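*Asks:* sequence and predicted structure below; questions after.
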Amino acid sequence: MGKRILLVDDEPLILKGLKYQLEMDGYETELAMDGEEALAKFFSRPFNFVLLDVMLPKLDGLAVCQRIREHSNVPIIMLTAKGEDMDKILGLEYGADDYMTKPFNTLEVRTRIRTVLRRVAAAQPPEEKKVIRVKDMEVNLIKRTVTLYGTEVKLTAKEFDLLHLLITNRGRPYTRQEILDTVWKDPYASERTVDVHVRRLREKVEQDTAHPLYILTEWKVGYKFTDVD
């Protein structure tokens, strides 16, 4: 069976066009036209990807994204008809992996979905590097789980990919562009996206975000994971 994608939009023509194109690519699709229907369908069966409009009846896309993120790291791309940067960043704040602004080209949508799914499939590290322990943090690279002081921390897919890059290269500072090239591999992503995800990651793994122990800022360079045990 092919990958299953949940398409959420209140415009029937958009859903119809996306469904046709994605099923031609071999994906199985489910459709939802409002936020409540989207959540009901998402939690009724497993999905590999969610394409989610921001402006939805009953429950908006940001609330839907946030609810999904409480339980799943499934990749999510937000669709928005708005052009303001804050709307785009807000989508990322709620746990989305990326955004696209309407009107969009279906070819671009298909390309982005394929890119993300390939990245997820390829992010399987060698068995000998299954678990990394630093201070009070334990990261299982196979199960994609993180625990602090013995308690599991829920990360989004992109937050885990970011942590994975930094912790497997401890002490090595990465520029924002290097992080984009390695984690996002998407020419449309911006350096500000990196800052948003670093801040969200710190909020989840640092006791004091003003004085982080794990995810450090390298002045005039970018970010690195501590090299101090």
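*Replies:* Sure, I can see it. Numbers count the residues shown, from 1 in each chain.
*Asks:* now stretch 219-229: buried residues?
*Replies:* G222, Y223, K224, F225, T226 (16 or more other CB atoms under 10 Å). To be clear about C-beta, it is placed using only N, CA and C from the backbone, and glycine gets the same treatment.
*Asks:* first to last residue in that stretch, what's the distance?
*Replies:* 21 Å (CA to CA, to the nearest Å).
*Asks:* same question for stretch 43-58.
*Replies:* End-to-end for stretch 43-58, by CA to CA: 17 Å.
*Asks:* include distance to Y149 when you put the buried residues of stretch 219-229 into CSV, please.
*Replies:* Shown next, in CSV, are these (distance: CB to CB, whole Å):
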residue, distance to Y149
G222, 28
Y223, 23
K224, 23
F225, 18
T226, 17
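*Asks:* which outside residues touch whatever helix or strand E159 lives in?
*Replies:* Using DSSP states H and E, the element containing E159 is helix 157-167. Helix 157-167 is contacted from outside by 73-75, 97, 119-120, 123, 125, 132, 134, 139, 141, 144, 146, 155, 174, 179, 182-184, 194, 197-198, 200-201, 204-205, 215, 223-225, using CB atoms under 8 Å, 6 or more residues apart in numbering.
*Asks:* now, the residues you listed that are in helices?
*Replies:* R119, V120, I179, V194, H197, V198, R200, L201, K204, V205 (DSSP state H).
*Asks:* quick one on the thing from earlier: with distance to E36 and pLDDT added, can I get the buried residues of stretch 219-229 in a markdown table?
*Replies:* As requested, the buried residues of stretch 219-229 are arranged in a markdown table below (distance: CB to CB, whole Å; pLDDT from 0 to 100):
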| residue | distance to E36 | pLDDT |
| --- | --- | --- |
| G222 | 40 | 93 |
| Y223 | 38 | 95 |
| K224 | 42 | 95 |
| F225 | 40 | 95 |
| T226 | 43 | 91 |
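*Asks:* show me where pLDDT drops low in the chain?
*Replies:* The chain contains residues with pLDDT under 70 at 1-2, 82-92, 122-129.
*Asks:* so what's the spatially most central residue of it up against?
*Replies:* Centroid-nearest residue in the chain: D97, 3.1 Å away (criterion: CA atoms, centre = their mean). Contacts for D97 (CB under 8 Å, 6+ apart) come out as P75, I76, I77, V116, T156, A157, K158.
*Asks:* list the contacts of E206.
*Replies:* Contacts of E206 (CB under 8 Å, 6+ apart): P212, L213, Y214, I215.
*Asks:* verify the contact between the third one and K224 for me.
*Replies:* I take that to be Y214. No: at 9.9 Å, Y214 does not count as touching K224 under the criterion of CB atoms under 8 Å.
*Asks:* in stretch 43-56, which residues are buried?
*Replies:* Buried residues in stretch 43-56 (16+ other CB under 10 Å): F47, N48, F49, V50, L51, L52, D53, V54, M55, L56.
*Asks:* backbone dihedrals for the fifth one, please?
*Replies:* It stands for L51. phi -110, psi 120 (degrees, to the nearest 10).
*Asks:* that one contacts V116, doesn't it?
*Replies:* No: in terms of CB under 8 Å, L51 does not count as a neighbour of V116; the distance is 10.6 Å.
*Asks:* care to break this structure down by domain?
*Replies:* 4-122, 127-225 (automatic domain parsing).
*Asks:* report the distance from the last one to the chain centre.
*Replies:* Yep, that's domain 127-225 we're talking about. 13 Å (CA atoms, centre = their mean, to the nearest Å).
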